[in-house]
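Peer 1: predicted model and sequence below, questions to follow.
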Amino acid sequence: MNAPVAPDPLRPWPDTVEWRPVSPRYFIVRLVVLAAWVLVVAIGCIVTGVLWSAWFLAAAAAVLAAGAVRAVFMRRSIRAWGYAERAEDLLVRHGLLIRRLSIVPYARMQFVDVTAGPIERAAGLATVTLHTAAAASDATVPGLEAAEATRLRDRLSALGEIREEGL
């Protein structure tokens, strides 16, 4: 007889659900934000280096290199995001090195928040955040198509109301 196989703690995602990924356009949004921050910091270092010390020029080069490395790993980081709707709860996963799986029961939700900054709106994306009484159990799903974010918000709100009435 085969002994039962212990679950792999490094693979916490349940395989019994259909995971939905975030939009591939979310990579462009994150890349634009990263590029803006890197350029602002690098320009600040260059200006300071010209006015004060050449060491800041080396710092500018380090900032540019760190931004390039982050951009390379960003695609894998975004692919790690996903969510799955089940009958009683919503699952949200993310993380490469430190994997995180959040399970939010519909009955515990207090409200659902949909946000979209200017860059997200330009890309047609939005972020859905589920809030519960315990702040540690809040869940965020970034980079959703605007129509999918609206659908998910409406579905979660309806399921939350149904579960609340059953209490």
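Peer 2: The structure has been received and is ready for your questions. Residues are numbered from 1 along each chain as shown.
Peer 1: could you say what helices and strands the helix ranked longest in the chain packs with?
Peer 2: Of all the segments of type helix in the chain, defined by DSSP state H, the longest one is helix 25-51. On a contact count with 3 or more C-beta pairs under 8 Å, 6 or more residues apart in numbering; DSSP states H and E, helix 25-51 meets helix 55-79, helix 118-123, strand 125-132, strand 139-145. In this view, the C-beta of every residue, glycine as well, is placed from N, C-alpha and C.
Peer 1: ok, which of these comes nearest residue 16?
Peer 2: The closest of the helices and strands packed on helix 25-51 to residue 16 is strand 139-145. By C-beta to C-beta, the value is 19.0 Å.
Peer 1: give me the angle between the closest one and helix 55-79.
Peer 2: Angle of strand 139-145 versus helix 55-79, following axes from the mean of the first three to the mean of the last three C-alpha atoms, to 10 degrees, is 90 degrees.
Peer 1: I'd like the next helix or strand past strand 139-145.
Peer 2: Downstream of strand 139-145, the first helix or strand assigned by DSSP states H and E is helix 146-165.
Peer 1: in CSV, list the C-alpha atoms belonging to that following helix.
Peer 2: Extracted C-alpha coordinates of helix 146-165, given in CSV (Å, rounded to 0.1, in the frame of the first residue of the first chain):
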residue,chain,number,x,y,z
ALA,A,146,-12.6,47.0,-16.2
ALA,A,147,-15.6,44.8,-17.2
GLU,A,148,-14.3,41.8,-15.2
ALA,A,149,-13.7,44.1,-12.2
THR,A,150,-17.3,45.3,-12.4
ARG,A,151,-18.6,41.7,-12.8
LEU,A,152,-16.6,40.5,-9.8
ARG,A,153,-17.6,43.5,-7.6
ASP,A,154,-21.3,42.9,-8.4
ARG,A,155,-21.0,39.1,-7.8
LEU,A,156,-19.1,39.5,-4.6
SER,A,157,-21.6,42.1,-3.3
ALA,A,158,-24.6,39.9,-4.1
LEU,A,159,-23.0,36.8,-2.6
GLY,A,160,-22.0,38.8,0.5
GLU,A,161,-25.6,40.0,1.0
ILE,A,162,-27.0,36.5,0.5
ARG,A,163,-24.6,35.0,3.0
GLU,A,164,-25.3,37.8,5.5
GLU,A,165,-29.0,37.2,5.4
